[in-house]
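>>> Turn this into a structure:
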Amino acid sequence: MGSDISKGGVRGRLNAALPAERLGDHLRILSGTGQNIVGLAVYVVASLGTNILISRRLGAAALGVITLATQFAFVAGAATRFGMDMATVRTVAIDVGRGEPGRVRGVMARASAIAAIASGVVAVAVFLAAPGLARAFGSRVLGKPAFQAAALALPFVALCQVYLGGTRGLKIMRHTLFIYWAGQPVAWIALLVGGWAVAQTVGVTTLAYAGSWILATIAAWFASTARKVKGAVRTAVLEVAATVIAALPACRFVNGPVKATWNRFVVPTRVIVAAFSWNVPCVSLMSASAGAANDAADVSYSTSTLSEVVGTSRSAFSCGV
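Purely as a prediction, here's the structure:
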């Protein structure tokens, strides 16, 4: 019995009772719901721990001001993204379901641009109006730096959800779990502890909150454009390596036996790399090669996510889109 369970007997029984070919979408929804529950639990625990930490170090008055500023940024970020997060969820799911995944990048670019412009304008207004907001909420001294830091967080609160909406449109819930529910509050605690090493103030605490949303937005953007980023990083590393290899023999400290050995064994490589680094035709050629490598990576990615595309197609057409 024990060996049967350890070898996947329980999972096999679940698969037999809930066949994926008939209930694939339902299982995905159930899995996503379970992940959200786990993420919500992490979020609640981390938020509670942050509030306790702030109240013990800065006092109840400071906690009240920080709560007002951070929640103001959170609500304003939700308002100024103009529903672009829900738009990306629906549009990405429909495009992939129709077999048009190439449209996803354009959809994400337009949605993020709308959210960035709208939230950026409001963030500038909030930053300039921080003294007035502080007076309105009854804290002139502590409120001003808190609302200024909250203004910095506002556009990133909006953009993070837009990028994560695109991943949810692909029925990938783990990015929302790790970045939004768990990552951002845990990052706030980490940045908070680091910031308090410099100054234990309301401004630094709220600035740490803004920093956590900046990190979350970067992670969400990376998750929504992972393949493109990998190709860009690979190309950048090759270019840096090419420049170093081409320039090394010209350095003053490389002489004598070292230079002779270098010229004897690395001349062919140096010539090719120098051409890659400086000559336009070779740059174009290598760029084309890098593009071909990225296309090959895309084929591999498409193969690994074929089941998701099929599942999304079924979901889209069953909804009448």
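
>>> Arg110: neighbour count?
Using other CB atoms under 10 Å, Arg110 has 14 other residues around it. (Each C-beta comes from the backbone N, C-alpha and C, glycine too.)

>>> What pLDDT is listed against it?
On the pLDDT scale, Arg110 is placed at 94.

>>> show me where pLDDT drops low in the chain?
1-25, 227-321 (pLDDT under 70).

>>> If we go by neighbour counts, what in the helix or strand harbouring Gly34 is buried?
Secondary-structure assignment from DSSP states H and E places Gly34 in helix 20-58. By neighbour count on 16 or more other CB atoms under 10 Å, the buried set for helix 20-58 is 24, 27-28, 32, 35-36, 39, 42-43, 46, 50, 53-54, 58.

>>> Now for these: which two are most distant?
Farthest-apart pair in these is Gly24 and Leu58; separation 49.8 Å (CB to CB).

>>> wait, isn't Phe74 in contact with Val157?
Yes: at 5.8 Å, Phe74 and Val157 qualify as touching, with contact defined as CB atoms under 8 Å.

>>> Check which element follows the helix holding Gly34 along the chain.
Sequence order places helix 60-80 as the next helix or strand after helix 20-58, per DSSP H and E.

>>> After that next one, which helix or strand is next?
Note on helix 60-80: by DSSP H and E, the next helix or strand toward the C-terminus is helix 84-97.

>>> Quick one: list the elements packing against that next one.
If contacts are counted by 3 or more CB pairs under 8 Å, 6 or more residues apart in numbering; DSSP states H and E, helix 84-97 sits against helix 104-128, helix 140-169, helix 306-318.

>>> Now those in CSV, please, with extra columns for distance to Leu192.
Shown next, in CSV, are those (distance: least, CB to CB, whole Å):
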stretch, distance to Leu192
helix 104-128, 21
helix 140-169, 12
helix 306-318, 37
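
>>> Go through those and pick out the most buried.
Among the helices and strands packed on helix 84-97, ranked by average contacts under mean count of other CB atoms under 10 Å, first place goes to helix 140-169 (a mean of 25).

>>> That one - contacts with which helices or strands?
Applying 3+ CB pairs under 8 Å, 6+ apart, we find helix 140-169 packed against helix 60-80, helix 84-97, helix 104-128, helix 130-136, helix 174-175, helix 202-224.

>>> what sits up against the helix or strand following the fifth one?
Okay, so that is helix 174-175. For helix 174-175, the following helix or strand on the C-terminal side (DSSP H and E) is helix 184-196. The contact list for helix 184-196 (CB atoms under 8 Å, 6 or more residues apart in numbering) reads 42-43, 46-47, 49-50, 53-54, 57, 160, 204-205, 207-209, 211-213, 215-216.
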